[in-house]
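Engineer: Compute the structure for the input listed below.
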Amino acid sequence: MSITEELSPDQTASNVAWDLEPLVNGSGTEGVDALLDEAEAGAGRLEVYRGKLGELDAAGLAEAMHELEQVNDALGRAGSYAGLRFAVDTADPANGALLARVEERATAIATRILFLELEWAELPDDHVTQVLADSRLDFCRHYLASARRYRPHLLTEPEEKVMAEKSVTGRSAWGRLFSELTSAITVNLDGRDVSLEEGLSRLQSPEREVRRASAEAVTTALAPGLRTRAFVFNTLLADKNVDDRLRRYPNWIASRNLDNEASDESVQALVDAVVGRYDIPQRWYHLKAQVLGVDRLADYDRMAAIATSESEFGWTQARELVLDAYSSFAEPMADAARRFFDEGWIDAPVRPGKRPGAFCAYTVPSHHPYLLLNWTARRRDVLTLAHELGHGLHAYLARGQGIFHQSTPLTLAETASVFGETVTFGRLLAETTDPDERLSLLSESLEGQIATVFRQIAMNRFEAGVHTARREVGELSVDRFGELWAEMQTSMLGDAVEITEGYRTWWSYIPHFIGTPGYVYAYAYGQLLALSVYRQYEERGADFVPSYLEMLSRGGSATPEELGRIVGVDLGDPGFWDGGLTIIAEQLDAAEAAAKTAGRL
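Structural biologist: Modelled structure (predicted):
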């Protein structure tokens with residue numbers, strides 16, 4: 001079965017909806033306004049520090065930072081409530097209006113206290129070093145120390161206020177429009193309109209004709225708003241160019257690297273290492289063509305199920321499987337994971353107007369995280385659940401670090417999620433003895449690795465191409481976007497996969513290009529890091545668990561290099577990326593062996 005309406009409630013997870021009301025003390029939109037009022041009052045109290053930040057000793061600075069902590073908590077709760085309501089129903093005008101109101105008021109509040117960031121950046125190094133040595137600033141030390149790295153890129157306070165105020169009607173507004181446009185896309189399959197998410201999930205079908213027809217239907221669904229989405233993308237490319245120029249960033253990716261606490265050189269080393277091993281996906285897709293019995297794969301064949309029939313998973317079965325996997329690693333993690341299921345922290349079903357994809361929202365440390373899924377009862381959905389739950393557990397375990405240190409840079413943000421997904425995969429594989437099923441599982445895992453490492457770097461190369469072209473030649477046409485997309489995909493896939501004409505427009509629904517430019521390489525970074533961490537677990541067994549839990553509980557309270565050392569990983573090693581890529585190559589060796597054992601070659 002492929003149409004959501006034909007599946008049972010357990011298969012659609014139709015009753016799995018989150019409860020957002022605790023974020024606003026059960027008061028709905030009135031609670032949102034109360035939180036914004038609270039934040040505004042706190043911002044007013046912080047204004048007494050204007051021009052005096054350099055005069056504060058450690059105790060005085062700690063008092064100011066605790067006040068800022070309360071402001072951020074109130075803004076975080078209000079913003080999370082509005083943003084998550086919008087995510088599950090982008091078509092409801094009331095949700096859009098609430099999100100806009102929160103963004104506008106939050107921006108106005110933030111501009112009142114911009115001086116804190118600017119004054120802190122200008123303080124002498126010796127004074128900062130002396131103050132931060134005091135233990136009373138443990139709760140915000142790394143945050144304050146790392147904030148100073150933006151010093152060369154900050155503008156004057158009046159300029160920063162203009163930039164912040166205009167972002168609500170600029171970058172943020174365009175991002176919301178893109179989200180509404182993509183959430184409204186429906187794909188006509190078998191005479192019924194289904195979500196884009198479900199249309200894409202049909203590409204996993206074992207039947208080639210189903211995959212081909214589904215890909216054509218997706219391309220048809222993307223066509224009507226293509227020029228509009230291209231215009232949104234062009235506008236945001238130009239906006240980032242202006243922002244980078246004003247802030248004196250040397251290239252399009254530099255600001256993202258700074259946010260990630262990663263040097264331009266280290267990120268380029270990652271990109272070069274992955275591009276240098278494009279032979280891995282090409283080798284896999286040649287093998288997959290043999291297994292599927294076709295001369296050459298088309299782009300719509302890449303996610304095809306190797307198994308001769310599709311496995312379907314109900315929500316209950318998936319829940320128990322994932323919890324069992326986490327329990328096999330560390331019971332405290334399974335105990336925390338159960339709360340997500342039992343206490344309304346997950347929204348799972350596919351609905352009209354719901355944002356595509358899956359994500360974890362950290363919200364604020366004083367509350368708890370939420371997970372958004374689009375459940376289609378596929379085995380891939382089970383691993384997605386395990387992945388997003390890893391994010392949720394990372395946030396949950398790090399909540400003791402407080403609002404300044406709970407979150408990590410993007411480069412570490414995928415560690416717990418990929419680790420959790422890998423543990424779950426290992427559980428599935430250990431319980432699978434049938435050679436055909438083992439091949440299917442190995443292929444799904446390998447394709448996940450390829451999608452997360454190689455495809456994301458190919459998308460990074462696409463981003464580099466469009467940002468560079470927009471800056472050098474001006475607005476890009478739909479065709480030019482398509483050419484750059486096909487060029488970067490072909491570079492990764494070589495002659496192993498045919499890029500069809502319709503696939504040239506599939507860049508146009510990917511939200512990361514719009515909301516978080518430069519984000520995608522962090523997936524590859526996190527995947528390779530997580531594989532190295534998992535290798536430590538394989539080698540050390542139970543002795544590894546305490547150090548892993550410690551790393552997660554530290555959140556973002558230290559640099560990525562310091563956090564990596566907790567679990568025995570050296571991010572400064574130039575050969576680090578090659579080690580992770582070798583693990584993927586070993587999995588490809590295992591898939592080749594499994595294909596032979598299963599008699600598929």
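Engineer: what's the residue closest to the geometric middle of this protein?
Structural biologist: In the chain, the residue lying closest to the centroid (C-alpha atoms, centre = their mean) is F359, at 6.5 Å.
Engineer: longest strand anywhere in the chain?
Structural biologist: Using DSSP state E to define each element, the chain has its longest strand at strand 370-375.
Engineer: Alpha carbons only: can I get the following helix or strand past that one in CSV?
Structural biologist: Tracing the chain past strand 370-375, the next element assigned as helix or strand by DSSP states H and E is helix 379-397. This file holds the C-alpha atoms of helix 379-397, laid out as CSV (Å, rounded to 0.1, in the frame of the first residue of the first chain):
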residue,chain,number,x,y,z
ARG,A,379,11.8,1.1,7.3
ARG,A,380,13.6,4.4,6.5
ASP,A,381,11.1,6.1,8.8
VAL,A,382,12.2,3.9,11.6
LEU,A,383,15.8,5.0,11.2
THR,A,384,14.7,8.6,10.8
LEU,A,385,12.9,8.3,14.2
ALA,A,386,16.0,6.9,15.8
HIS,A,387,18.0,9.8,14.2
GLU,A,388,15.8,12.6,15.4
LEU,A,389,15.5,10.9,18.8
GLY,A,390,19.2,11.1,19.0
HIS,A,391,19.0,14.9,18.5
GLY,A,392,16.3,15.0,21.2
LEU,A,393,18.3,13.0,23.7
HIS,A,394,21.4,15.2,23.1
ALA,A,395,19.2,18.3,23.9
TYR,A,396,17.6,16.6,26.9
LEU,A,397,20.9,15.4,28.4
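Engineer: Going toward the C-terminus from helix 379-397, what's the next helix or strand?
Structural biologist: helix 410-413.
Engineer: just the strands in the stretch 401-550 of the chain please.
Structural biologist: Assigned by DSSP state E, counting those that start in this stretch, the stretch 401-550 of the chain shows strands spanning 497-498.
Engineer: where in it is pLDDT low?
Structural biologist: The stretch 401-550 of the chain contains no residues with pLDDT under 70.
Engineer: how does it look with 90?
Structural biologist: For the stretch 401-550 of the chain, the stretches with pLDDT under 90 are 409-415, 418, 422, 425-442, 444-445, 448, 522-523, 526-527, 529-539.
Engineer: neighbours around N15, how many?
Structural biologist: Residues near N15, counting by other C-beta atoms under 10 Å, number 10. Quick note: C-beta positions are derived from backbone N, CA and C, even for glycine.
Engineer: Flag every buried residue along stretch 535-546.
Structural biologist: Within stretch 535-546, the residues that count as buried by 16 or more other C-beta atoms under 10 Å are R535, Q536, Y537, F544, V545.
Engineer: Just to check, the second one is in contact with I566?
Structural biologist: No - checked against C-beta atoms under 8 Å, the pair Q536 and I566 is beyond contact range at 10.5 Å.
Engineer: Could you report the neighbour count for E475?
Structural biologist: Residues lying near E475 (other C-beta under 10 Å) number 14.
Engineer: From S255, how far out is it?
Structural biologist: Distance of E475 to S255, given as C-beta to C-beta, to the nearest Å: 22 Å.
Engineer: Same question for T597.
Structural biologist: Taking C-beta to C-beta as the measure, T597 falls 49 Å from S255.
Engineer: what about the strands in the stretch 201-350 of the chain?
Structural biologist: Using DSSP E, counting those that start in this stretch, strands in the stretch 201-350 of the chain cover 297-298, 346-349.
Engineer: I'd like those laid out as CSV, including mean neighbour count and mean pLDDT.
Structural biologist: Output for those, formatted as CSV (neighbours: other C-beta atoms under 10 Å; pLDDT from 0 to 100):
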stretch, mean neighbour count, mean pLDDT
strand 297-298, 19, 97
strand 346-349, 22, 97
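Engineer: For A262, find the nearest of the ones you listed.
Structural biologist: Proximity to A262 (C-beta to C-beta) singles out strand 346-349 among the strands of the stretch 201-350 of the chain, at 31.1 Å.
Engineer: just checking, G314 touches A377?
Structural biologist: Yes - using C-beta under 8 Å, G314 is in contact with A377, at 6.9 Å.
Engineer: Residues touching the longest strand of the chain, excluding its own?
Structural biologist: With C-beta atoms under 8 Å, 6 or more residues apart in numbering as the test, strand 370-375 has contacts from 12-13, 16, 18, 20, 80, 84, 87-88, 195, 197-198, 315, 340, 345-350, 354-361, 363, 381, 384-385, 388-389, 391-392.
Engineer: Same check on stretch 435-443?
Structural biologist: Under the contact criterion C-beta under 8 Å, 6+ apart, stretch 435-443 has outside partners 288, 291, 305-308, 425, 428-429, 432, 587, 590-591, 594-595, 597-600.
Engineer: what sits against R176?
Structural biologist: Here R176 is in contact with G96, L99, A100 (C-beta under 8 Å, 6+ apart).
Engineer: And the contacts of strand 370-375, which of them are buried?
Structural biologist: The neighbour-count criterion (16+ other C-beta under 10 Å) marks 12-13, 16, 18, 20, 80, 84, 87-88, 195, 197-198, 315, 340, 345-350, 354-358, 360-361, 363, 381, 384-385, 388-389, 391-392 among these as buried.
Engineer: Just the buried residues of stretch 535-546: which are in helices?
Structural biologist: R535, Q536, Y537, V545 (DSSP state H).
Engineer: of all those, which comes closest to D126?
Structural biologist: For these, the nearest to D126 is Q536 (39.1 Å; C-beta to C-beta).
Engineer: Quick check: closest non-adjacent residue to A595.
Structural biologist: Closest residue in space to A595, ignoring its immediate chain neighbours: L601 at 5.1 Å, by C-beta to C-beta, 6 or more residues apart in numbering.
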